[in-house]
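K.L.:
below are the sequence and a predicted model for it; my questions follow.
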Amino acid sequence: MNQLQQDPTSHLEDIDLLRDAPYDEKPGESDISQNDIDQIPEVEITDDDLLETGDRTDNWLIMGGSYDSQRRYPGDELTPENVGDLELEYQFEHGDPPETAYQNSPLIVQGDPPIMYLTFGPDELHALNARTGEFLWSHIYEPASGADEETAPAERGAALHGDLVIKSTLDLGVIAIDRYTGEEEWYYNGACVYRDDLADDLIHEEIDWERSRGTTSSWPPLIYDGTIMKGSFGGEYGVSGFFDGITLDGEPKWRVNMCPESQWVGDSWKHGGGTAWASGCVDVENDQVIIPSANAGPWYGTVRPGWNPYTAGKVAVDTETGEYRWHHQDAPHDYWDYDSPSPAITYTAEVDGEECRLASWAPKAGWIFTVNAETGKLVQRSEGYVQHHNMWALPGKDDVEKMPFMMPSWVGGTNPQPSSYHPESRTLVTTGENTAWRWAWADVRYEPGARFVGDVDRETDEYLEAYNGYGGVVAGIDPVTGEVKWQDWKDETARGGTLTTASGVSFAGTRGGEFIAYATETGEQLWVHETDGEVDGSPVMWHDPAEDKVYVFVSVQGTGEVNVYSVEVE
């Protein structure tokens, strides 16, 4: 038993300080526009609806498709035999790349018509008629910290409960919006207290800087059994991460320090990174949320001795109390920016002759890690689905020319894009980057609001002799045995999320513009649509019984396209 298991509350911050702070005051401003909002049917989203969404074909109520984040469509209407009949139902362009980010994954609420809740970066939320793509209302939040117009931060989705649609903001807050009108109901300010220190203003100075892609992003909160859960960002800015539990009325409930002070040497935890900048996964059977954790900070580890938990891995905490359950680090004492942002997937499978609750994920390190979901004990590390060379080579100081090239690079492997899982064939489908790099470090001093990385130089323009020449891959892996079943190597990196169906079809996108349907178990290409941009979004799928159609959604970075495909089904 480790120290955190002996005292599972030791990583919790002083929630009373946050309750006494201006947690309900909004730093930024909202701009709301309404069109034909009368089209939106009244459909209250209950706890039972959220629990059952993974078994329904007419909605998609959680970013991961269900609490277990398998991103699996449960119907059999779309099959390997008819997926080739998919056609573009409608398409629209939105925003102005690069001022807008398109790494989104929408939610679909059943009804006549079904309603889509769709985000774009930075901080846009829209309600659309999911049949036609007509915009019904828009709520655009302007963060007080500002957002870089040339590198818009990503906005990857929202969450639903009751009559509310709830999203994170780039001011490290949460905003609750009326699903029928787009009007604000309440705001939770998570930035008014930081490291148990009350801010002088509404945002603490150490977490206040202009937001930009690559260093900041918003992921959808998770809502489970009366608790809204969300994390933080800024691992390249010398922060220590935190993960909040909030009531359904927007009040502070608990806060986890993602760099638990008792586990770090000296004051290194204060700038240790470990941000929870991606969405977690709820393991309903154990009432726990599995939180993705980012890189340690600064990148060079000499100033932070030890393992630096919880960085570069996953940590499981109780959804009601925030108390510690277990953690796993993909890259202890991380030197390589090996975040583990892609959400975990939970499922039940046979291990050594016994049924076991498991959690698996695809990290930047380029293997699938599978652990016992109850204990966090490692069950399997898969074969590499990207190339690995000179892995774990420590960077030198100042002179990058002395360093060997290594793989994977600091972008992975798999970065934030979510994987999908097909339990029928025990296949996890993921996308990954496959590039070489080397880097050298230099001393860096912490200053609030300034980058705190310590990378004097990074090179990716030369490659190892063993490099296969491909920039990315789509792969299918058995997460229990660790076998890589298939790989589809791509000239361009593959950074979009994936989607699978019970009938054995999986979808993935690439930055070469391809949106591809595969046979899940074999990797055979069944259908492809060539877009003009980079398919960075995460696809979702739903059935509209009134139209007798199945729809597949994906968005495209670079061109601002939103594509919705359909096929008629019986």
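P.N.:
Perfect, I can see it now.
K.L.:
so who does residue 54 touch?
P.N.:
Contacts for residue 54 (Cβ atoms under 8 Å, 6 or more residues apart in numbering) come out as 62, 65, 66, 67, 68, 70, 72, 74. Every residue, glycine included, has its C-beta placed from N, CA and C.
K.L.:
all helices for the stretch 1-150 of the chain, in order.
P.N.:
Assigned by DSSP state H, counting those that start in this stretch, the helices in the stretch 1-150 of the chain fall at 3-6, 15-19, 47-52.
K.L.:
before we move on, back to that, I'd like the contacts of residue 54 written out as JSON lines, with neighbour count and pLDDT added.
P.N.:
Converted to JSON lines, the contacts of residue 54 look like this (neighbours: other Cβ atoms under 10 Å; pLDDT from 0 to 100):
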{"residue": "62", "neighbour count": "27", "pLDDT": "98"}
{"residue": "65", "neighbour count": "25", "pLDDT": "98"}
{"residue": "66", "neighbour count": "25", "pLDDT": "98"}
{"residue": "67", "neighbour count": "22", "pLDDT": "98"}
{"residue": "68", "neighbour count": "25", "pLDDT": "98"}
{"residue": "70", "neighbour count": "24", "pLDDT": "98"}
{"residue": "72", "neighbour count": "24", "pLDDT": "98"}
{"residue": "74", "neighbour count": "17", "pLDDT": "98"}
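K.L.:
out of the residues you listed, flag the one nearest to residue 511.
P.N.:
Here the nearest of those to residue 511, counting by Cβ to Cβ, is residue 65; it sits at 23.3 Å.
K.L.:
and residue 487, how many neighbours?
P.N.:
Per other Cβ atoms under 10 Å, the neighbour tally for residue 487 reads 18.
K.L.:
what's the weakest-modelled helix or strand in the chain?
P.N.:
strand 217-218 (a mean of 72; mean pLDDT, DSSP states H and E).
K.L.:
list of residues touching the helix or strand following that strand?
P.N.:
Per DSSP states H and E, the first helix or strand lying C-terminal to strand 217-218 is strand 222-224. Residues outside strand 222-224 that contact it (Cβ under 8 Å, 6+ apart) are 50, 62, 67, 159-161, 166, 228-230, 248, 279-282, 284, 289, 319.
K.L.:
in its sheet, what does strand 222-224 sit against?
P.N.:
strand 227-230 (antiparallel) (DSSP bridges).
K.L.:
list the helices and strands whatever helix or strand comes next after the strand it pairs with packs on?
P.N.:
Sequence-wise, the next helix or strand downstream of strand 227-230 (DSSP H and E) is strand 242-247. For strand 242-247, the packing partners by 3 or more Cβ pairs under 8 Å, 6 or more residues apart in numbering; DSSP states H and E come out as strand 227-230, strand 252-257.
K.L.:
need the winner for burial among those strands.
P.N.:
strand 227-230 (a mean of 26; mean count of other Cβ atoms under 10 Å).
K.L.:
can you show me the CA trace of that one as CSV?
P.N.:
Extracted in CSV, the C-alpha atoms of strand 227-230 (Å, rounded to 0.1, in the frame of the first residue of the first chain):
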residue,chain,number,x,y,z
THR,A,227,-21.0,15.8,-9.8
ILE,A,228,-19.5,17.8,-12.6
MET,A,229,-15.8,17.1,-13.2
LYS,A,230,-13.2,19.0,-15.1
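K.L.:
out of the contacts of residue 54, which sit inside strands?
P.N.:
Judged by DSSP state E, the contacts of residue 54 include residue 72 as members of strands.
K.L.:
spatially central residue for the protein, please.
P.N.:
residue 278 (3.7 Å; Cα atoms, centre = their mean).
K.L.:
and that residue, what's its pLDDT?
P.N.:
Reading off the confidence values, residue 278 has pLDDT 87.
K.L.:
that one touches residue 341, doesn't it?
P.N.:
Yes. Using Cβ atoms under 8 Å, residue 278 is in contact with residue 341, at 3.8 Å.
K.L.:
what is the neighbour count of the closest residue to residue 26 other than its chain neighbours?
P.N.:
Closest residue to residue 26 apart from its sequence neighbours, by Cβ to Cβ, 6 or more residues apart in numbering: residue 187 at 4.0 Å. Each residue near residue 187 was counted by other Cβ under 10 Å, and the total is 21.
K.L.:
specify the beta-bridge partners of residue 187.
P.N.:
residue 175.
K.L.:
residues contacting it?
P.N.:
So residue 187 contacts 24, 25, 26, 173, 174, 175, 176, 250 (Cβ under 8 Å, 6+ apart).
K.L.:
quick one: buried residues of stretch 324-341?
P.N.:
324-331, 334-341 (16 or more other Cβ atoms under 10 Å).
K.L.:
so which of these sit within strands?
P.N.:
324, 325, 326, 327, 328, 329.
K.L.:
identify the spatial nearest neighbour of the second one, chain neighbours not counted.
P.N.:
Meaning residue 325. Nearest to residue 325 is residue 316, by Cβ to Cβ, 6+ apart, at 4.0 Å.
K.L.:
what helix or strand is the one you found located in?
P.N.:
Residue 316 belongs to strand 313-318, assigned by DSSP H and E.
K.L.:
tell me the confidence at residue 213?
P.N.:
pLDDT at residue 213 comes out at 73.
K.L.:
before we move on, what about residue 252?
P.N.:
98.
K.L.:
the nearest residue to it once chain neighbours are set aside: how many residues sit nearby?
P.N.:
Distance criterion Cβ to Cβ, 6+ apart; nearest residue to residue 252, sequence neighbours excluded, is residue 18 at 4.3 Å. Residues lying near residue 18 (other Cβ under 10 Å) number 24.
K.L.:
thought residue 90 was touching residue 134?
P.N.:
No. Residue 90 lies out of contact with residue 134 (Cβ under 8 Å); the separation is 9.4 Å.
K.L.:
pretty sure residue 247 sits against residue 225.
P.N.:
No. Applying Cβ under 8 Å as the test, residue 247 and residue 225 come out as separate, 11.5 Å apart.
K.L.:
thinking again about what came up before, could you dump the contacts of residue 54 into a markdown table with distance to residue 491 added?
P.N.:
A markdown table is the format used below for the contacts of residue 54 (distance: Cβ to Cβ, whole Å):
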| residue | distance to residue 491 |
| --- | --- |
| 62 | 34 |
| 65 | 30 |
| 66 | 34 |
| 67 | 36 |
| 68 | 33 |
| 70 | 29 |
| 72 | 29 |
| 74 | 34 |
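K.L.:
which strands border the host helix or strand of residue 160, and is each parallel or antiparallel?
P.N.:
Assessed by DSSP H and E, residue 160 sits inside strand 159-161. Sheet pairing here is set by DSSP bridges, and for strand 159-161 it gives strand 164-168 (antiparallel).
K.L.:
just the CA trace of the strand it pairs with, in PDB.
P.N.:
C-alpha atoms of strand 164-168 as PDB (Å, rounded to 0.1, in the frame of the first residue of the first chain):
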ATOM      1  CA  LEU A 164     -28.600  22.400 -19.500                       C
ATOM      2  CA  VAL A 165     -25.600  22.100 -21.800                       C
ATOM      3  CA  ILE A 166     -22.400  22.600 -19.800                       C
ATOM      4  CA  LYS A 167     -19.000  23.400 -21.200                       C
ATOM      5  CA  SER A 168     -15.500  24.400 -19.900                       C
END
